[in-house]
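Asker: Turn this into a model:
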Amino acid sequence: MDGNTIPVTPLLGAVLAVLALLAAAVAALGRLGVARRVLTASVRAAIQLGVVSLVIAAVLRSLWLTAAFVALMYGIATVTSARRITHDATRAAGRPGRWRVRRRRASAPVLPAPGPAGSPTDKPARPGPPGQHVPGRVERSGLWAAVPIASGLLPALAIVLGSGLVPLKGISVVPVAGILIGGAMTATSLSGRRALDELATRRGEYEAALAIGLTRRDAALEVCRPSAAQALVPALDQTRTVGLVTLPGAFVGVLLGGASPVAAGAAQLLVLVALLAVECIAVLVAVELVAAGRFRRPETPTTR
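Answerer: Residues are numbered from 1 along each chain as shown. Coordinates of the predicted model:
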């Protein structure tokens, strides 16, 4: 057995189980509300990696299969990010978020209490900030996550492949594309969630911006853009500390593949800088989509 690889033995399964249970136990004791998701994510990861390990050899032999596999990764990333932005945030806030939101039954609208003629209650309400619930549109709105992910992925992937630095072979394309898709997915999810959260909690500032003459887009951007930029913190920290604190997967993988440390470092540097480009574009596009009202969440129950 190669001493540079992790042996696939019952011991591996036992160690993984202990680590997953430890994470779930800490989450449960801390009342973080994610203990069950920690366990299901661990089981899913084991199953998915097992399946990929069985089919990856066939995929890497054909560029067509490689392209199909990358498209599959992109589709799954889109669905995952869509759920994070429009669905999981309502669950995290203690509200019954659902991926499929049923249309409301036809009913009389709830109107404000009548007031004297010409009073403010007779005037139409100012439109709320982007991201508010519109019956039947939440599910479709999440699919807009495909746009920021693709906007970041395509130019970066075209540059690294078109330059010839990454060979147009399955063994090279799949890992690089996977890393870039994962980065775009994370940046889209974090920036979209933060932007919608800010618009919900700082509605007064949004309305004040409208009152001084800003458009709905500009008012939304003033509120949500600074916080959404926090989605870039993980990528920036990883790039700043690479080699000092972390040795990311691309470096270790190339090194274990037999390349020199210099070649491994060059590969990792290319991936890290490409990730910065991908995530910056994804965050920018995601925030613009939030400001345009493309992302929506299930209705928040209110007291009437």
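
Asker: Any idea how many residues pack against R36?
Answerer: For R36, the number of neighbouring residues by other CB atoms under 10 Å comes to 11. Bear in mind the C-beta positions are built from the backbone N, C-alpha and C, glycine included.

Asker: Now it: which helix or strand?
Answerer: Per DSSP states H and E, R36 falls inside helix 35-60.

Asker: Mind jotting down where the helices sit in the stretch 1-150 of the chain?
Answerer: 10-29, 35-60, 63-83, 89-92, 138-142, 146-162 (DSSP state H, counting those that start in this stretch).

Asker: R193: neighbouring residues, count only.
Answerer: Neighbour tally, R193, other CB under 10 Å: 24.

Asker: Now do the phi/psi pair for it.
Answerer: Main-chain torsions, R193, degrees, to the nearest 10: phi -60, psi -50.

Asker: Surely it is in contact with I85?
Answerer: Yes. If you go by CB atoms under 8 Å, R193 and I85 touch, sitting 5.6 Å apart.

Asker: before we move on, the earlier item: how far off helix 63-83 does the helix holding R36 point, in degrees?
Answerer: 160 degrees (axes from the mean of the first three to the mean of the last three CA atoms, to 10 degrees).

Asker: Return the set of buried residues in helix 35-60.
Answerer: 35, 38-39, 42, 56, 59-60 (16 or more other CB atoms under 10 Å).

Asker: Low-confidence stretches in the protein?
Answerer: Applying pLDDT under 70 to the chain flags residues 1-4, 88-141, 256, 298-304.

Asker: quick one on the thing from earlier: could you export the buried residues of helix 35-60 as JSON lines, including distance to A25?
Answerer: Output for these, formatted as JSON lines (distance: CB to CB, whole Å):
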{"residue": "A35", "distance to A25": "7"}
{"residue": "V38", "distance to A25": "9"}
{"residue": "L39", "distance to A25": "10"}
{"residue": "S42", "distance to A25": "13"}
{"residue": "I56", "distance to A25": "33"}
{"residue": "V59", "distance to A25": "37"}
{"residue": "L60", "distance to A25": "39"}
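
Asker: just checking, what packs against the helix holding R36?
Answerer: helix 10-29, helix 63-83, helix 170-201 (3 or more CB pairs under 8 Å, 6 or more residues apart in numbering; DSSP states H and E).

Asker: Tell me how the protein divides into domains.
Answerer: Following automatic domain parsing, one finds the domains of the chain at 11-60, 63-98+128-304.

Asker: Where do the helices of the stretch 201-304 of the chain begin and end?
Answerer: Going by DSSP H, counting those that start in this stretch, the stretch 201-304 of the chain shows helices at 203-211, 216-228, 233-241, 249-256, 261-291.

Asker: Identify whichever of these lies nearest to A68.
Answerer: helix 261-291 (21.1 Å; CB to CB).

Asker: which other helices and strands contact the closest one?
Answerer: helix 146-162, helix 170-201, helix 216-228, helix 233-241, helix 249-256.
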